[in-house]
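Asks: Sequence plus predicted model, see below.
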Amino acid sequence: MDLTRNTPPALLAALSGPFFYPVVLVDVDWPGSRIRAHSNAGPITWDSRTFQGVGKFGNVDVPGEAMAGIPEDFRMSLTCDLPELATYADTVIRGRAGSVYLGATASRGGSDLIGAVEIASGTCDGLALRSEVEGDDGQTVILYTLTVTFSTGPSYRSMAAIAHSHEDQIRSYPHDTAGEHLILAQANAEKTLWPAP
């Protein structure tokens with residue numbers, strides 16, 4: 001099976017080896033300041049961009065590959081104990097672009113990136129803030145999680161026009177009548193006569 005994402009040769013070699021050290025990079029067009037973060041610690045500079053490490057405090061949930069062509073959502077989350085995170089919950093982000101990249105580093109948890117390739121991109125569709133309390137050894141810690149939902153394409157309803165119909169055909173070819181003859185053709189062909197002739 002061939003990879004079809006224009007994977008850099010060095011990254012492909014690392015991924016093909018007996019093991020590799022993965023890293024996830026995210027790039028979000030956040031209002032006021034672009035956010036670039038990655039799943040390890042420290043800064044990573046790649047493609048003339050610097051991504052800051054968020055380590056275990058970040059989370060990315062990307063959908064699996066779908067053959068149906070129907071867009072799926074993916075989510076990016078940041079969890080911390082800073083109440084200041086709540087101030088971002090009212091940010092207007094609808095329609096802002098975001099991308100997720102999968103890469104590999106030369107060392108575990110390192111910032112020595114070998115290469116990366118885009119695995120998901122879309123536009124911001126929703127923003128939610130959740131808080132939870134964790135008790136550890138009798139201490140109360142309040143954790144805040146800010147989650148951004150991205151849509152990878154138009155909604156299912158707006159994609160419905162992609163399914164070809166008689167109406168779509170006559171928009172492009174007003175005098176074509178083939179679609180009229182195909183409407184209910186299957187239902188007409190499957191009629192059961194009773195009593196049988």
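Replies: Sure, I can see it.

Asks: Sticking with A10, tell me its helix or strand.
Replies: Assigned by DSSP states H and E, A10 belongs to helix 9-16.

Asks: Send me that helix as CSV with only the CA atoms.
Replies: This file holds the C-alpha atoms of helix 9-16, laid out as CSV (Å, rounded to 0.1, in the frame of the first residue of the first chain):
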residue,chain,number,x,y,z
PRO,A,9,11.4,10.4,2.8
ALA,A,10,13.1,10.8,6.2
LEU,A,11,9.7,10.5,8.0
LEU,A,12,8.7,7.6,5.9
ALA,A,13,12.0,5.8,6.8
ALA,A,14,11.3,6.5,10.5
LEU,A,15,7.8,5.2,10.3
SER,A,16,8.9,2.1,8.5
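
Asks: list the buried ones in it?
Replies: Using 16 or more other CB atoms under 10 Å as the test for burial, helix 9-16 gives L11, L12, A14, L15. No exception for glycine: its C-beta is placed from N, CA and C like everyone else's.

Asks: Partner strands of the next helix or strand after it and their direction?
Replies: Per DSSP H and E, helix 9-16 leads on to strand 21-28 as the next helix or strand towards the C-terminus. Paired strands of strand 21-28, with direction, are strand 35-38 (antiparallel), strand 97-105 (antiparallel) (DSSP bridges).

Asks: Out of those strands, the one nearest F20 is which?
Replies: Set against F20 and scored by CB to CB, those come closest in strand 97-105, at 4.6 Å.

Asks: what residues does the closest one touch?
Replies: 11, 14-15, 20-29, 40, 44, 46, 60, 62, 74, 76, 111-124, 148, 150 (CB atoms under 8 Å, 6 or more residues apart in numbering).

Asks: relative orientation of it and helix 9-16 in degrees?
Replies: Interaxial angle, strand 97-105 versus helix 9-16 (axes from the mean of the first three to the mean of the last three CA atoms, to 10 degrees): 70 degrees.

Asks: what's the distance between strand 97-105 and the middle of its chain?
Replies: For strand 97-105, the separation from the chain centroid amounts to 10 Å (computed by CA atoms, centre = their mean, to the nearest Å).

Asks: So which elements touch the helix or strand following it?
Replies: Following strand 97-105 in sequence order, the next helix or strand is strand 113-136 (DSSP H and E). Helices and strands touching strand 113-136, by 3 or more CB pairs under 8 Å, 6 or more residues apart in numbering; DSSP states H and E, are helix 9-16, strand 21-28, strand 44-46, strand 73-80, strand 97-105, strand 139-151.
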